[in-house]
Each structure stands twice: as structure tokens, then as C-alpha cells.
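Peer 1: Sequence and predicted structure below; questions after.
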Amino acid sequence: MTELATYNFAYLDEQTKRMIRRAILKAIAIPGYQVPFASREMPMPYGWGTGGVQVTAAVIGPNDTLKVIDQGADDTTNAVSIRAFFQKVSNVRVTTKTTEATIIQTRHRIPETALQAGQTLVYQVPIPEPLRFLEPRETETRKMHALEEYGLMHVKLYEDIARHGRIATTYAYPVKVEGRYVMDPSPTPKFDNPKMHQSPALQLFGAGREKRIYAIPPYTEVVSLDFEDHPFEIQTFSEPCALCGAKGSYLDEVILDDKGGSMFVCSDTDFCEDRQAEGHRGHLSANPAEAAE
Amino acid sequence: MRAVTQVYEGGFSDAVFNSQEVFRALMEAMASPGRVVEIGKLAAAPSPISSVAASVAATLFDHDATVWCDKSIAGSVAAIGWLKFHTGLELTSNPSDAQFALIGDLETMPSLESFAKGTSEYPDRSTTIILQIDGFNGPEELTLSGPGIKDTQGFAPSQLPKMFVDQWAANRGAFPRGIDLIFVGKGALAALPRTTRISKKEA
């Protein structure tokens, strides 16, 4: 606790937490709508999850258990440093197990293990405005949201089809929340979009540089935009995970050598490790007997 | 002298952790409309502000929050003094300018129409009304549905504003503009965000 004395609990001062908390409550009340907030400078650069960190800091308390993932992994730079940050400034329990966590801060993945009621998923969002690349002016995108004028987004998806024969958007795939707001689910693969629909967990989104907070309450309708003749589809993989043999999970390609060799492994490390502990094996996993020696 | 000590006493004993605890209750309530979330007796304000209302005020109000109080609260020098001393809030006499409204007496409160609903561009610039009631085991149960609710949720506050079901339907119809409600009862709170639909239980 001696180290904690140098900072307020969870780093932010109480006035900042109140401001963020008020924004979070409004965000939950208007699902998918981006609430402006007075984002603070954090002790890490923009693009490293300052929005997610501020949301987590405003929410977290001594009874919480925190999990942080970066592209599904608990052991990559961003996840490790944010986890260490919260251990230092809030002294909370941390975990890598999805099922044990009360708050999961994520950079661009939703865990494979289904989330439970009572859990909160905090997304780090780089560009919260789904219409930004179609219309750069904030005044205009505000008006488009106000008038529910989302034709341009459908034109964009249509142009994908005209050019590529299919909707080529694979991440940050736009969704419509509760039949009203079109929302950017942050750059998660579209593979994860169906998990947002009617999720029992509360989903909070923080964009630090762009100063926006938005939310999806539990049990809320989240529909990926599509066309009748080009329905929304998620990615599929032709081979199972090379380490745990999982078939329905999202896979990363890992380069093995300089001769073009590669393997596909689960991007969710906790899910993959759990399966291996249960005895599932992929075609490249070490023989457990040999590994023990 | 008595009024003065009343004003200074009864704040959070631990500003950081108490407000975090109350906020998490509020967040759970807002994310699960109609769910009654219990909170401990953390703050105590002079009458007519209840302990739970005082805790919510101390968690959400500060110099950046414009608050409108109804006559029952604004009429008490000690109650207003407590709010000012412990939160530093900015009071307003116009409900449509208020970010928050604190209602002690539901019988005489103005219609939901008179509060800020936000604009189409900024629907978040709307009033969150904090309604002080006796409890959550009232005679009439409303059936709630909408985001945050799996199928339906029963909700039976002991008091409701006049013509509440009609007023609420109008509020729901203005979505995404609209006001949000936080009910504070004895030892517990519940919330109705603007997305919630109400149907009266079939008699």
C-alpha cells in the first residue's frame, strides 16, 4: 500500500472519475451513442488504450478482478503493461482466466469463452466514429446520427460488393445497436460481432484521443449491417488450432521459418491454454510426456 | 448552531471507495433497468434527503454538475447547505437546464416534459432525475422490457410520479432524446434509462 500513496486509487483524481462516471451512465442509457467526455492525459501515449484505461480506472474497485487482453493474448506488450499499471495504482487482483475476471479490458478481441452476467468488458477504441472515413467533419457525422442517416454506410458496403463480389470489411465491421445507432465495435475481427448480440455482460467503449465513451448494456440487440442477398458472415478457418485443435475459434497465423512455413493458433491464449490443460492437442503441440521431461 | 453541524457531518467516510461502491451500484442499476441494487448506509444528509440519495449525490455531483432540487429539498436550508458543502454542486432554478434533478416529493414534482431531454445531436445533455421514494415493494408492479433486461423485469416502486406510465411512454417515444430516472429507496436504488418500455401487469 505504500506505493499507492503516491497516486489516488486507480490513478485518476476523484473529479475526473465523477466526470467519466456520469458519461458512462449516459452511455448505458443511450446504447451505441458516443458520449463526449473530457479525456485526460494518461501516463501512456494515445493509441495505447488511454480511453479503455480511463473507463477501467473510473469503474474498478478493490473487489474486482481484472483481466487485460491484447488481440486475445494476456501476454503481449499492451496487455502486460496495462495490467501492471493497474496492479501498481489500484492494487487489485489480476487474472488471465476469463471466467474469474469481473472486468476485462480488451484491445480488439472478445474472449472465446462466453461472458457471464455481472462481467464488464472494456474496449480500447482508436476511432469511435463509424462514419469518420466516409465523412471527416464531426458536425456532419453528428447530424447523420441525429437523423439516422446511414445510407452512406450501406453505399460503402455495397461498393465492397461491386468491387470484390463480397463485403470485404473484416474488422471494425459496423453494427446497429437496438435498431437505432450505427456503432463501431472497435477494430475487433467481424468474427466477434455475433458475441456482442444479447451478451449478458456489460460492454463499455473508451476512446481516449477522440474523447468518446459509448456502451452496450447487457441483453441488447446488436446487428451487423448487411444486405438480404449478401448476408453478414464471419470468418472461417480451414484448419484447427495447431496447439489445442480447436475448430470454432479465431486463429492467428504465426510464421515458423523463412521458407514460408506457418502455423495457425488461437488468438485467445487463455482459451487455448485451458483446452490444452483439458488434454486437447493440435498437430503441432508438444507431446505432453516429452514436455514434462 | 445545530443546523451548521448538520451541514458538515455525514459525508462519505472514505471518499474514494465509498463513491466507487455507489457508482458500481448505479452502473449495475442503469445496465439492468428495474433491478433493485442494495447499498450500505454510506452518507447521511439532513432531512428530507435520505441516506441513499445523499450517497448518490456525493458520488455524481460536483462543480461541473447543474442540479435542480424540488421545493421539499430546496426549502430546507440544512439540506441545501449539506449538498453545497459536500459536493460543490451548481444549483439551478430551471429544471430544463439541469443535468440532475433531486426530487423529495413525487406528488408535487413537475412533469417529465419540463426537464432537459437533450438534443438530437447530443441526447446525452439531458436530465437524470433522482426520485426519493420509500421502497421497492409498492402495491402496483410494472413490467419492464428493453436493453439490459433478458425477458421482462418486474418493478414495484412505492411511489411514482403522476400519470407515470403515460409520461414514460412519451419519454420513450422521444428516443434517443429523453430523461433517465434513478429511484432511491431505503438502502437500495434502481434505475429506468430512457430505453426501457413499461407495460402494466394484467390485472
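Peer 2: Perfect, thanks for sending it.
Peer 1: where's A:E253 relative to A:S262, distance?
Peer 2: Per C-beta to C-beta, to the nearest Å, A:E253 is found 5 Å from A:S262. All C-beta atoms are positioned from the backbone trio N, CA, C, and that covers glycine.
Peer 1: Show me which residues of the stretch 51-200 of chain A sit near chain B.
Peer 2: Counting by C-beta under 8 Å from any C-beta of the partner chain, the stretch 51-200 of chain A comes close to chain B at A:58-62, A:142-143, A:145-147, A:178, A:180-181, A:200.
Peer 1: please redo it, this time with the cut-off set to 10 Å
Peer 2: Contact residues (C-beta under 10 Å from any C-beta of the partner chain) of the stretch 51-200 of chain A with chain B: A:58-64, A:90, A:102, A:117-118, A:120, A:139, A:141-143, A:145-148, A:177-181, A:198, A:200.
Peer 1: if you look at the residues you listed, which of them are in strands?
Peer 2: If you go by DSSP state E, those have A:T120, A:V177, A:Y181 in strands.
Peer 1: want to throw those residues into a markdown table with pLDDT?
Peer 2: Shown next, in a markdown table, are these (pLDDT from 0 to 100):
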| residue | pLDDT |
| --- | --- |
| A:T120 | 98 |
| A:V177 | 98 |
| A:Y181 | 98 |
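Peer 1: which of these are buried?
Peer 2: Buried positions within those, assessed by neighbour count (16 or more other C-beta atoms under 10 Å in any protein chain shown), are A:T120, A:V177, A:Y181.
Peer 1: Contact partners for the last one?
Peer 2: Okay, so that is A:Y181. A:30-34, A:130, A:145, A:148, A:150, A:175, A:214, B:123, B:176 (C-beta atoms under 10 Å, 6 or more residues apart in numbering or on different chains).
Peer 1: Of those residues, grab the buried ones for ChimeraX.
Peer 2: Here is the ChimeraX selection string for the buried members of those, based on 16+ other C-beta under 10 Å:
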select /A:30,31,32,33,34,130,145,150,175,214 /B:123,176
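Peer 1: In a markdown table: the contacts of A:Y181, plus pLDDT, secondary structure and distance to A:K97.
Peer 2: Listed next are those as a markdown table, based on pLDDT from 0 to 100; DSSP: H, G, I helix; E, B strand; the rest coil; distance: C-beta to C-beta, whole Å:
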| residue | pLDDT | secondary structure | distance to A:K97 |
| --- | --- | --- | --- |
| A:I30 | 98 | coil | 33 |
| A:P31 | 98 | coil | 28 |
| A:G32 | 97 | coil | 30 |
| A:Y33 | 98 | coil | 33 |
| A:Q34 | 98 | coil | 32 |
| A:P130 | 97 | coil | 32 |
| A:H145 | 98 | helix | 38 |
| A:E148 | 97 | coil | 41 |
| A:Y150 | 97 | coil | 39 |
| A:V175 | 98 | strand | 28 |
| A:Y214 | 98 | strand | 27 |
| B:P123 | 98 | coil | 38 |
| B:P176 | 96 | coil | 37 |
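Peer 1: Nearest to A:A84 among the contacts of A:Y181?
Peer 2: Nearest to A:A84 out of the contacts of A:Y181 is A:Y214 (C-beta to C-beta; 27.1 Å).
Peer 1: Count the neighbours of B:A116 for me.
Peer 2: Counted with other C-beta atoms under 10 Å in any protein chain shown, residues neighbouring B:A116 total 21.
Peer 1: Next SSE downstream of the helix or strand of chain B with the lowest mean pLDDT?
Peer 2: Scoring the helices and strands of chain B by mean pLDDT, DSSP states H and E places helix B:2-8 at the bottom, with a mean of 74. Using DSSP states H and E, the helix or strand that follows helix B:2-8 in sequence is helix B:15-31.
Peer 1: pLDDT (mean, whole number) over that following helix?
Peer 2: Helix B:15-31 shows an average pLDDT of 97 in the prediction.
Peer 1: near chain A, anything from that helix?
Peer 2: Yes - with C-beta under 10 Å from any C-beta as the measure, helix B:15-31 is seen reaching chain A through B:15-17, B:19-24, B:26-31.
Peer 1: Quick check: buried residues in that helix?
Peer 2: Buried residues in helix B:15-31, counted by 16+ other C-beta under 10 Å: B:16, B:18-31.
Peer 1: and of the residues you listed, the nearest to B:L42?
Peer 2: Out of the buried residues of helix B:15-31, the member with the shortest distance to B:L42 (by C-beta to C-beta) is B:N18, at 4.6 Å.
Peer 1: wait, that closest one sits on B:R24?
Peer 2: No - B:N18 lies out of contact with B:R24 (C-beta atoms under 10 Å); the separation is 11.0 Å.
Peer 1: any idea which element the residue nearest to the spatial centre of chain B lies in?
Peer 2: The centre of chain B sits closest to B:I130, judged by C-alpha atoms, centre = their mean, with a distance of 1.6 Å. Element membership of B:I130 [criterion: DSSP H and E] is strand B:128-132.
Peer 1: Just checking: what are the partner strands of that strand?
Peer 2: Applying DSSP bridges, strand B:128-132 is found paired with strand B:100-103 (parallel), strand B:180-185 (parallel).
Peer 1: Quick check: mean pLDDT of the shortest one?
Peer 2: Strand B:100-103 shows an average pLDDT of 98 in the prediction.
Peer 1: list the buried ones in that strand?
Peer 2: Buried-residue list, strand B:100-103, by 16+ other C-beta under 10 Å: B:F100, B:A101, B:L102, B:I103.
Peer 1: do the same with stretch B:105-113
Peer 2: B:L106, B:M109, B:L112.
Peer 1: Likewise for stretch A:201-215?
Peer 2: So, applying 16+ other C-beta under 10 Å, buried residues of stretch A:201-215: A:201-208, A:210-215.
Peer 1: pLDDT weak spots in chain B?
Peer 2: The model of chain B has pLDDT under 70 over residues B:1-4, B:201-203.
Peer 1: go with 90
Peer 2: For chain B, the stretches flagged by pLDDT under 90 are B:1-8, B:199-203.
Peer 1: in it, which spans are helices?
Peer 2: Under the criterion DSSP state H, helices of chain B are mapped to B:2-8, B:15-31, B:51-60, B:71-74, B:77-87, B:164-173.
Peer 1: what sits against B:S72?
Peer 2: Each residue near B:S72 by C-beta under 10 Å, 6+ apart is listed here: B:47-49, B:79, B:102-109, B:132.
Peer 1: from the buried residues of strand B:100-103, which is closest to B:G148?
Peer 2: Nearest to B:G148 among these, with distances taken as C-beta to C-beta, is B:F100, at 20.8 Å.
Peer 1: give me the beta-bridge partners of that closest one?
Peer 2: According to DSSP bridges, beta-bridge pairing links B:F100 with B:V67, B:T128.
Peer 1: That one reaches B:I73, doesn't it?
Peer 2: No - contact criterion C-beta under 10 Å: B:F100 and B:I73 do not qualify, at 12.0 Å.
Peer 1: who touches both of those two?
Peer 2: Residues touching both B:F100 and B:I73 (C-beta under 10 Å, 6+ apart): B:V67.
Peer 1: and for B:N18 and B:R24, which residues touch both?
Peer 2: Residues touching both B:N18 and B:R24 (C-beta under 10 Å, 6+ apart) are B:I39, B:T59.
Peer 1: Helix or strand with the lowest mean pLDDT in chain A?
Peer 2: Scoring the helices and strands of chain A by mean pLDDT, DSSP H and E places helix A:288-292 at the bottom, with a mean of 54.
Peer 1: who touches A:Y219 in this structure?
Peer 2: Contacts were defined as C-beta under 10 Å, 6+ apart; by that measure A:Y219 touches A:117, A:197-201, B:31-32, B:145-151.
Peer 1: I appreciate the help and will end here.
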